[in-house]
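This is the structure alone, sequence omitted:
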């Protein structure tokens, strides 16, 4: 664990990860104007993107304004600092005058920490879900001003768990190209919302596929086209339907994978698992075959059969997974997202 209270007196690194933190901070403090950042790789091969200091400062200031962060507040940095989510926590610290507590990414980010003085934190869903399995963490989390959750969708089980927290929790929407989040969705409290609301100064629209495009200071005021299919709710809100590249064609029928996952979410929990996803694999007869992949080392066949019987009434016959694959631990990207392609390839090779 590393603590930075004053960026003009950076502590000495005690390991390789902390040295990466110090190197980035030094480059920023020297006035470096461009930074090369890799995308997370969750939707394709990781690729390098050049971001300007102006873009990163604009994003940091917008986050500070949105979540009412003040100079001297303390933020927890528990996401990988080599990628945009963790890196922007460092930038927020330097731009907004925050104190930082930095830990290497893990599923238990509060372990061994004195939580008393933390005001702001960013987690991936699995981290928050793991924290909420220990009721002792509820009081610790409630001492914060705000918590943001990003990097993957928040499932219904986690959203229900979040209701026990009084601290405002927000699901975020963004990507490397938009320099972290450009929209948020409140997950608990009186202002809980099913839709994402764009942050101040962000403009959004749709292409002919109904995929979202974005323009903001953080995008250098250039139009960023996404592959996320959304439903627009007025000019400033939207609901995510799924990714355009997550539509498979099975026997001539187009299937949106996120729609299937949402419909079966409750029933999947009967299998006592934390994570799952649907995927399309090549099939001689159908072209692509829909499968369900669950994070579990072993499942009795009768439980799988019972689950498949239950979802028959929820899904159309084309949306029912043709196979259930198991893996004790999913392969993840360096940012903690599930690497679906690598996970499926590993299972099929076995």
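In hand now; what should we look at? Keep in mind the model is a prediction, meaning the values are calculated, not measured.

buried ones in stretch 60-71?
Buried residues in stretch 60-71, counted by 16 or more other CB atoms under 10 Å: 60-64, 66-67, 69. C-betas here are computed from N, CA, C, even on glycine.

For the spatially most central residue of the chain, which non-adjacent residue is spatially closest?
What sits nearest the mean C-alpha location of the chain, by CA atoms, centre = their mean, is residue 151, with 1.3 Å. Distance criterion CB to CB, 6 or more residues apart in numbering; nearest residue to residue 151, sequence neighbours excluded, is residue 124 at 4.2 Å.

can you pull out the helices in the stretch 201-350 of the chain?
For the stretch 201-350 of the chain, applying DSSP state H, counting those that start in this stretch gives helices covering 257-268, 301-311, 340-349.

Next, format the ones you listed as a markdown table and append mean pLDDT.
Shown next, in a markdown table, are those (pLDDT from 0 to 100):
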| stretch | mean pLDDT |
| --- | --- |
| helix 257-268 | 92 |
| helix 301-311 | 91 |
| helix 340-349 | 95 |
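
Just name the most buried of these.
helix 257-268 (a mean of 18; mean count of other CB atoms under 10 Å).

what's in contact with that helix?
153, 155-157, 240-243, 246-248, 276-280, 290, 292, 294, 307, 310-311, 314-315, 319, 321 (CB atoms under 8 Å, 6 or more residues apart in numbering).

okay, and for the stretch 51-200 of the chain, where does confidence drop off?
Scanning the stretch 51-200 of the chain for pLDDT under 70 picks out 114-116.

Would you map the helices across it?
53-66, 84-96, 125-132, 136-141, 156-162.

Hey, what's the angle from the second one to helix 53-66? Just curious.
Spelled out, it's helix 84-96. Interaxial angle, helix 84-96 versus helix 53-66 (axes from the mean of the first three to the mean of the last three CA atoms, to 10 degrees): 80 degrees.

in helix 84-96, what's buried?
Result for helix 84-96 [16+ other CB under 10 Å]: buried residues 84-96.

mind checking how far residue 305 is from residue 299?
10 Å (CB to CB, to the nearest Å).

now residue 207
Residue 207 is 41 Å from residue 299, by CB to CB.

And residue 275, by the same measure?
Distance, residue 275 to residue 299, by CB to CB: 14 Å.

can you check residue 241 too?
With distances taken as CB to CB, residue 241 is found 30 Å from residue 299.

Noted, bye for now.
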